[in-house]
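**Student:** return a 3D structure for these sequence lines:
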Amino acid sequence: MKKSYKIRIVCIFLAFIFLYTAIIINLSRIQIWQHGFFTNLGDKQYSMTITKNPPRAAIYDRTKTRFLALNKDSISAFIVPNNLKDADGVKRFLKKHFPDAAERLAHSRDSKFMYVKRKLSDDQIEFIAKSNLPDIQLLHEPTRFYPLDAAAQIIGITDIDNHGLAGIELQFNTQLSGTPTTLTLEKDARSGRFYFKKETTISGTTGMPIYLSIDSDLQFLVQEELQKTIEAFHAREGSVIVMNPLNGEIVAMVSYPTFDSNGRDAIKPESMKSKCITEAYELGSVIKVFAALAALEEEVVTLDEQIDCKNTNTTYIDGRKINTPFKDGVISFAEVIAFSNNIGTAIVAKRVGTKLYDHYTKMGFGKKTNIEFPGEQKGFVNPPKKWSKQSIISLSYGYEITATLLQLTCAFAVIANNGHSITPTLLLDAGHKPSESSLYSPHAMQDIRYILEQTTLKGSTKRAAVKGYTILSKTGTANILIDGQYRPEKNIYTCAGIIEKDGYKRVVVTFIKEASKSNLFAAIVAAPLFERVAQKVLIHDAIIT
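**Tutor:** Below you'll find the predicted structure:
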């Protein structure tokens, strides 16, 4: 009896030893050998990591109070693919209403986070709410809003994640966006509700705002005037720049066609370009200003020297044919430029020779201005080593040289500053000042200013005049090169000039491309636009009395 009792005790003891050993082995398997597996399983069921971007900083105009870009709330929908309560219901719903999301879900079943749709419409929010699918969560996110359509090409746009894609949004993306914060999102196992942990993995920084030199009121007014001209001449493109030459600040810069930066319409990439900066053109006779300046500086001509323009529309120099719109006989050099005679200009340019290239590049042509904007073109000036017999003639009146409208604005700013160059800027209070040394002698500056004033008073830019103000201006009409041929029915029209009175100065450049009407000149197309823009600028700046 005692022996049987002892055997039972030993068996029970061994059974407990075996049981505890099994428990210890199982606990070791769970907590040691398969620790990583079960930790990942827990994380998969109850936690996710999410990156939260700070609100993107605003962009302001020169008043520092008016927004050119700001944030507004949008609502997005998301799911947690690896922890769906009603996976079949979610799949059916997505397949019906969000097929793109359904396709992404099929390849992201183990993901901890997936957007269903961002920037939901009111209708989408409503049928998500009515779906009774708790797996589809709604999330408030900041999105970009642009109050001024006229500034669309300057400001640019952001993508769905608020990263800059074009314009100022791209140029200053890092400053505007700041750095993101990484958070851990966990689900309470008992309540099943999500909450953010108080601790963060990575702390982010807020973005810094941008203050532009653009005046939003003036930007709108100039855009209006440009639109009127585009419609009047059924033109393909157009642009206007207004600059303060004393500090290089661009106070207005508009282009047509433009685009809807708030995404109400499909955006054509071509319409997103700020063509004052990103496109270079052969500008025609407006370049004669700088050929004349080179000749005056090199002292190969004087203002009153009489130049024989042959009293014809067509002549030959060194066997090269030259056409000019209007016949002139023997006239002064000042009148050659004022009346925009190609023959007289070419005769004097030949005296300058290869130094003409040096003067063009000294004025900034063929070089980037380094304005704070992406995609700037540097243009092109044909160098002497590549010249043909035609080159010096073509260069004298604006061919074999391509320039951006910004470069042309800066070149006229040199004249406005009596020979001192200025760096252009789109930023307020950038601190730019005219260069200390002058690019040209006072005598050459005085002479070119006289020529430009006479051009406005009695020459090709009479329609650009503003009563009571000194206007120094010049127009240019140029054929467009298409498939290696200059097309006389395809033209660009430019008027560039300086507005002055009592220390007040502005440089204005107006540009129209491919008007549908034929036999037009810049004096008819771009000069009147210059005059209307100048009036708007002066009224806005409260200068007109």
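**Student:** please count neighbours and contacts with C-alpha atoms only from this point.
**Tutor:** Will do.
**Student:** did I read that right, Lys467 in a helix?
**Tutor:** No. Under DSSP: H, G, I helix; E, B strand; the rest coil, Lys467 falls outside any helix and is assigned coil.
**Student:** burial check on it, number of neighbours?
**Tutor:** Counted with other C-alpha atoms under 10 Å, residues neighbouring Lys467 total 9.
**Student:** which residues does it contact?
**Tutor:** With contacts taken as C-alpha atoms under 8 Å, 6 or more residues apart in numbering, Lys467 has no neighbouring residues.
**Student:** residue ranges for the helices of the stretch 351-500 of the chain, please.
**Tutor:** 355-362, 391-396, 405-416, 442-458 (DSSP state H, counting those that start in this stretch).
**Student:** tell me what the second one is packed against?
**Tutor:** This means helix 391-396. helix 342-352 (3 or more C-alpha pairs under 8 Å, 6 or more residues apart in numbering; DSSP states H and E).
**Student:** got the contact list for the helix it packs on?
**Tutor:** 288, 291-292, 294-295, 298, 300-301, 307-310, 315, 322-324, 333, 336-337, 356, 392-394, 396-397.
**Student:** returning to that earlier point: could I get the helices of the stretch 351-500 of the chain as JSON lines with mean neighbour count and distance to Ala464?
**Tutor:** Shown next, in JSON lines, are the helices of the stretch 351-500 of the chain (neighbours: other C-alpha atoms under 10 Å; distance: least, C-alpha to C-alpha, whole Å):
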{"stretch": "helix 355-362", "mean neighbour count": "18", "distance to Ala464": "25"}
{"stretch": "helix 391-396", "mean neighbour count": "23", "distance to Ala464": "23"}
{"stretch": "helix 405-416", "mean neighbour count": "26", "distance to Ala464": "15"}
{"stretch": "helix 442-458", "mean neighbour count": "20", "distance to Ala464": "7"}
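**Student:** which ones are touching the nearest residue to Ile498 once chain neighbours are set aside?
**Tutor:** Of all residues not flanking Ile498 in the chain, Val507 sits nearest, at 4.5 Å (C-alpha to C-alpha, 6 or more residues apart in numbering). Val507 makes contact with 241-245, 409, 412-413, 416, 496-499, according to C-alpha under 8 Å, 6+ apart.
**Student:** then Ala101?
**Tutor:** Leu94, Lys95, Tyr115, Val116, Lys117.
**Student:** how about the residues you listed, which pair is most distant?
**Tutor:** Lys95 and Tyr115 (14.5 Å; C-alpha to C-alpha).
**Student:** of these two, who's got more company?
**Tutor:** Comparing Lys95 with Tyr115 by other C-alpha under 10 Å, the one with more neighbours is Tyr115, at 17 against 14.
**Student:** pretty sure that one contacts Ile79?
**Tutor:** Yes. The pair Tyr115 / Ile79 is scored as a contact, 6.5 Å apart, by C-alpha atoms under 8 Å.
**Student:** and Asp483, how far is that from Ser396?
**Tutor:** To Ser396, Asp483 is 23 Å away according to C-alpha to C-alpha, to the nearest Å.
**Student:** same check on Tyr440?
**Tutor:** Counting by C-alpha to C-alpha, the gap from Tyr440 to Ser396 is 19 Å.
**Student:** re earlier: what bridges to the residue nearest to Ile498?
**Tutor:** Val507 has these beta-bridge partners by DSSP bridges: Met243, Ile498.
**Student:** which parts of the helix of greatest length in the chain are buried?
**Tutor:** If you go by DSSP state H, the chain has its longest helix at helix 2-28. Buried residues in helix 2-28, counted by 16 or more other C-alpha atoms under 10 Å: none are found.
**Student:** distance from the chain centre to that helix, please.
**Tutor:** Distance of helix 2-28 from its chain centroid, counting by C-alpha atoms, centre = their mean, to the nearest Å, is 81 Å.
**Student:** cool, and stretch 150-166?
**Tutor:** Offset of stretch 150-166 from its chain centre (C-alpha atoms, centre = their mean): 8 Å.
**Student:** do a quick rundown of the helices in the stretch 101-250 of the chain.
**Tutor:** So, for the stretch 101-250 of the chain - with DSSP H, counting those that start in this stretch - the helices run 122-129, 152-155, 167-171, 173-177, 216-233.
**Student:** nearest to Thr258 among those would be which one?
**Tutor:** When these are compared by C-alpha to C-alpha, helix 152-155 sits nearest Thr258, at 6.9 Å.
**Student:** give me the mean pLDDT for that closest one.
**Tutor:** For helix 152-155, the mean per-residue pLDDT is 95.
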